[in-house]
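Asks: A structural model of the following input is requested.
(one chain, ligands or ions: 2)
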Amino acid sequence: MSKIQAIRGMNDILPGETPVWQYLEDTVQRVLQRYSYRELRFPVLEQTQLFKRSIGEVTDIVEKEMYSFADRNGDNLSLRPEGTAGCVRAAEEHGLLYNQQQRLWYKGPMFRYERPQKGRYRQFHQIGVEAYGMAGPDIDAEVILICARLWQALGLSAHVRLELNNIGTSADRKAYGEALVSYLHRHEAALDEDSRRRLGSNPLRILDSKVPSTQAILEDAPVLADFTSAETREHFAALQALLSAACVAFTVNPRLVRGLDYYNNMVFEWITSALGAQGTVCAGGRYDGLVAQLGGRGTPAVGFAMGVERLVLLLQESGALPAALTQQLDLYIAVGDGLGAQAMVLAETLRDRLPALRVQLNCGGGKISNQLKRAFNIGATRALVLETGQDGQVQARLRHLHDDSAPQLLRCDEVADVLQGLISGA
Ligand code: ATP
Ligand code: MG
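Replies: Numbers count the residues shown, from 1 in each chain. Ligands and ions are numbered 1, 2, ... in the order given. Just a heads-up that it's a prediction; the model follows:
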């Protein structure tokens, strides 16, 4: 019979890789704790309407990337393509946003029907941060500082750069969009097909185009910054001053726009050159209109989401991973004939006494030489061989698999002390 395979673009994350994920997730979690952000968990399925209303009907995500279906009841549901909409929905539904400030974060899988390639998948993972009820540039600076501290903690600071832009209010963008469209209409014949299509639906996204001929036309296009209102310009200047005071380097990219309609005012991206075309590892901005757009009371908001797969790739490719991550096992216990019960008791004692020790007990018997081969193959640092000696006593021989030091012959009741000494001495 033919084997059933995973869905294209949806990855299995194998045990060889999960330590990197755990390291990343733990590091993020610890940094977020230091800024007193609290985790919110919400479903991967929501009503399709939630995403249409928040992300926008004429965005790529809603037009062609969502996994949407009618359930058995005929309700139109979608797998979440991003986290902000669900976060707002959940927080609003449970009264967390009413007259309050909230600092929240979430993590989990997101789903987009995109063309799979390195750094771009159909199921991918984001860790997102959202702050509600604060309108000033100080909270914008704070969420950016969280990122900067995280890159520092992960050893990635030298591999990412920060780009910022002020995209104004939605009224500013409307006025700008009209100016941009009338300029681009004059060059319509030379535009790429995607950009021509966007002329009628989502002209600002054309700024994002990677097509060289389109980029050339954009050189002389009207500039968004000339259309932004004084208030957003002041906010943006204040944010830049705060970032400079905190020694966070950035560049203003006047063409930076985001693919989701809910953003306004300040937007930002953290970009790496190490991953080819999929270089944005983290992106966000202000979205002061979204809560009201979803039926709540007007609530200022700012947030970002990072792409976990891209950060895992970056950690691997930049060599920023701690060496200890690749090491999985401290002690393999090989068990001689008839010593199963004794070995199990010893393993449990070691786990009681040395919580940091990673112990694997050989199960299923077999020749000692084969058990040792297995220990070596899975990367154990040490093996403990339990055997009955000539004198009928149980012996424990501690072997060091990664260096040439001589085996040590121990009594069973010494093993924990000796290992403790080895670990603390290491
Ligand atoms: P891109 O421009 O790369 O398509 P985006 O603007 O669609 O990204 P957002 O919706 O802002 O991305 O999502 C935030 C982050 O999530 C991205 O910067 C990226 O790191 C990650 N991300 C987005 N889509 C995918 C995907 N299909 N596969 C893997 N990671 C993704
Ligand atoms: Mg995208």
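Asks: Would you map the helices across the stretch 251-400 of the chain?
Replies: Secondary structure of the stretch 251-400 of the chain (DSSP state H, counting those that start in this stretch): helices at 290-293, 308-317, 340-353, 368-377.
Asks: Nearest to residue 57, out of those helices?
Replies: helix 290-293 (12.3 Å; CB to CB). C-beta coordinates here come from the backbone N, C-alpha and C atoms, glycine included.
Asks: Name the residues of the chain found near ligand 1, please.
Replies: Within the chain, the positions adjacent to ligand 1 are 82, 112, 114, 119-121, 124, 126, 259, 278, 280-283, 305, 307, 309-310 by CB under 6 Å from any ligand atom.
Asks: what's residue 419 in contact with, if anything?
Replies: The contact partners of residue 419, by CB atoms under 8 Å, 6 or more residues apart in numbering, come to 331, 350, 354, 357, 398.
Asks: how about the helix or strand it falls within: buried residues?
Replies: When secondary structure is defined by DSSP states H and E, residue 419 falls within helix 415-425. Of the residues in helix 415-425, those buried by neighbour count under the rule 16 or more other CB atoms under 10 Å are 415, 416, 419, 422.
Asks: And stretch 246-265, by the same measure?
Replies: Of all the residues in stretch 246-265, those buried under the rule 16+ other CB under 10 Å are 248, 250, 253, 255-265.
Asks: taking these as a set, which two sit the farthest apart in space?
Replies: Spatially, the most separated pair among the buried residues of stretch 246-265 is 248 and 261, at 27.4 Å (CB to CB).
Asks: Residue of the stretch 51-200 of the chain nearest ligand 1, please.
Replies: Residue nearest to ligand 1 within the stretch 51-200 of the chain (CB to the nearest ligand atom): residue 124, separated by 3.4 Å.
Asks: beta partners of that residue?
Replies: Residue 124 has these beta-bridge partners by DSSP bridges: residue 110.
Asks: Tell me which stretches of the stretch 251-400 of the chain form strands.
Replies: Remark: strands of the stretch 251-400 of the chain, listed N- to C-terminal, are 251-252, 264-271, 280-286, 301-307, 329-335, 359-361, 380-388, 394-400; assignment by DSSP state E, counting those that start in this stretch.
Asks: Direction included, what does the longest one pair against?
Replies: Which is strand 380-388. Strand 380-388 has these partner strands in its sheet, going by DSSP bridges: strand 329-335 (parallel), strand 394-400 (antiparallel).
Asks: Same question for stretch 330-341: list its buried residues.
Replies: Burial within stretch 330-341, assessed by neighbour count using 16+ other CB under 10 Å, is assigned to 330, 331, 332, 333, 334, 335, 336, 339, 340.
Asks: any idea how far the residue nearest to the third one when sequence neighbours are not counted is from residue 146?
Replies: In this case it means residue 332. The spatially closest residue to residue 332, leaving aside those adjacent along the chain, is residue 375, at 3.5 Å (CB to CB, 6 or more residues apart in numbering). Counting by CB to CB, to the nearest Å, the gap between residue 375 and residue 146 amounts to 42 Å.
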